[in-house]
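1. Show me how the following folds:
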Amino acid sequence: MTRYIVRRLLTAVPTLVIISMVIFGILALAPGDPLGQLAANPDVPPEVRQNILHQMGLDQPIPIRYVKWAASWATGNWGYSFASHVPVVRLLLQRLPTDLWVIGTGYVIAVLIAVPVGVISAVKQYSLLDQVATTGAFIGYSLPTFFTGVLMIIVFSVRLHWLPFIYNVQVHDPVRMLKQAVMPVAVLALFQSAALTRFVRSSMLDNVGQDYVRTARAKGLAQSRVIVRHVLRNGLIPIVTLIALQLPTVFTGAVVTEQIFRVPGVGSLLITSIQNSDTPVVMAIAFVAAILVVLLNIAADVIYGALDPRIRYG
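-> Numbering: from 1, shown residues only. Coordinates of the predicted model:
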């Protein structure tokens, strides 16, 4: 197992290098000018703007800029924001706790709902509970987050005045923090749990009719033991893959939900940076997301071996 992990980590390095090249090239060629406001200001001479571009290194060829950026990243220097002139690392660390609290909580709740509901729905296929769970999952997955978010704001904020609809990071009272996080967490949990429930149910149904399940039942094992110890372990393998691919959103943020509730997370920072052509911030968020996807896929492969003893890595 250790050799396999080391081998996967070594192969991940060139993969991330290629990904970084693609992201950097796209951002370098994308339309937009971080000094667009200066260009529109008649009081700023072109020489001053050109000097600023030179100081920022934007007048150099793209390959040279990429090499300098990669060398800086290798030493832990993620650069400075073009818009705020603040280190990119500091900007991300300022926003990350909010994402971990709001998006992380929503995702944990979604998993805690989806796994038992999906398992029970598959075990009691075609029952009333299965029909209710399946219908609810389809509705929750079909409704976009911007619709459920606006609907919750109209009902719980405008009509009932129960919950605030703007997230305020300056609030430190635990009760008010919980109240302002209820709606964004609920929106994310509804959508994610609906998607996960469908996958859990489908994966369980693929395994519940297998020969090893009938053999376990023939040996006299209890139904709960057959489901938990045998069916669920194998059924979780594709679910682990799905979760591993979705977990980076806890870092990159839920862009739509953050915009609706004005949550100052990484997702809203990404939108603002794209609008301002703030390449260092956009590059950092995109590349960190790529790193998380690669690492979590390796972690998912390792978990496969723990869930299914038939899987062995040389």
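2. Could you count how many residues lie near Ile298?
-> The number of residues packed near Ile298 is 16, by other C-beta atoms under 10 Å. To be clear about C-beta, it is placed using only N, CA and C from the backbone, and glycine gets the same treatment.
3. cool, and the one 5 residues further on?
-> When neighbours are defined as other C-beta under 10 Å, Ile303 has 17 of them.
4. residue contacts, the nearest residue to it once chain neighbours are set aside?
-> Nearest residue to Ile303, sequence neighbours excluded (C-beta to C-beta, 6 or more residues apart in numbering): Val240, at 5.2 Å. If a contact means C-beta atoms under 8 Å, 6 or more residues apart in numbering, then Val240 has 300, 303-304, 307 as its contacts.
5. Mind giving me the PyMOL select for these, buried ones only?
-> In PyMOL, a selection of the buried entries from those looks like this (16 or more other C-beta atoms under 10 Å):
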select buried, resi 300+303+304+307
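6. Which ones among the contacts of Val240 lie within helices?
-> Judged by DSSP state H, the subset of those located in helices is 300, 303-304, 307.
7. Quick check: which of the residues you listed has the minimum pLDDT.
-> Note: of those, the lowest pLDDT belongs to Leu307, at 74.
8. Any buried residues in the helix or strand encompassing Leu188, and which?
-> Here Leu188 is covered by helix 174-208, with elements defined by DSSP states H and E. Judged by neighbour count (16+ other C-beta under 10 Å), helix 174-208 contains these buried residues: 180-181, 183-201, 203-205, 207-208.
9. Repeat that for stretch 230-241.
-> By 16+ other C-beta under 10 Å, the buried positions in stretch 230-241 come out as 230-232, 234-241.
10. Now the closest residue to Asp301 other than its chain neighbours: which helix or strand?
-> Computed as C-beta to C-beta, 6+ apart, the closest residue to Asp301 that is not its neighbour in sequence is Arg8, at 7.0 Å. Taking DSSP H and E as the definition, Arg8 sits inside helix 2-29.
11. Quick one: list the elements packing against that helix.
-> On a contact count with 3 or more C-beta pairs under 8 Å, 6 or more residues apart in numbering; DSSP states H and E, helix 2-29 meets helix 62-74, helix 279-307.
12. Can I get those in TSV including distance to Val89?
-> Listed next are the helices and strands packed on helix 2-29 as TSV, based on distance: least, C-beta to C-beta, whole Å:
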stretch	distance to Val89
helix 62-74	11
helix 279-307	8
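13. For Val17, which of the ones you listed is the nearest?
-> Counting by C-beta to C-beta, Val17 lies closest to helix 62-74 out of those; the figure is 7.9 Å.
14. Figure out how far the closest one is from the centre of its chain.
-> 26 Å (C-alpha atoms, centre = their mean, to the nearest Å).
15. Repeat that for stretch 103-110.
-> Centre-to-centre, stretch 103-110 and its host chain are 11 Å apart (C-alpha atoms, centre = their mean).
16. Give the residue spans of the chain that score low on pLDDT.
-> 33-46, 49, 253, 309-314 (pLDDT under 70).
17. picking that back up, would you mark the buried spots in the helix holding Arg8?
-> Those would be 8, 12, 19-20, 23-24, 27-28, for helix 2-29 by 16+ other C-beta under 10 Å.
18. And these, which two are furthest apart?
-> Across the buried residues of helix 2-29 (C-beta to C-beta), the longest gap, 29.9 Å, separates Arg8 and Ala28.
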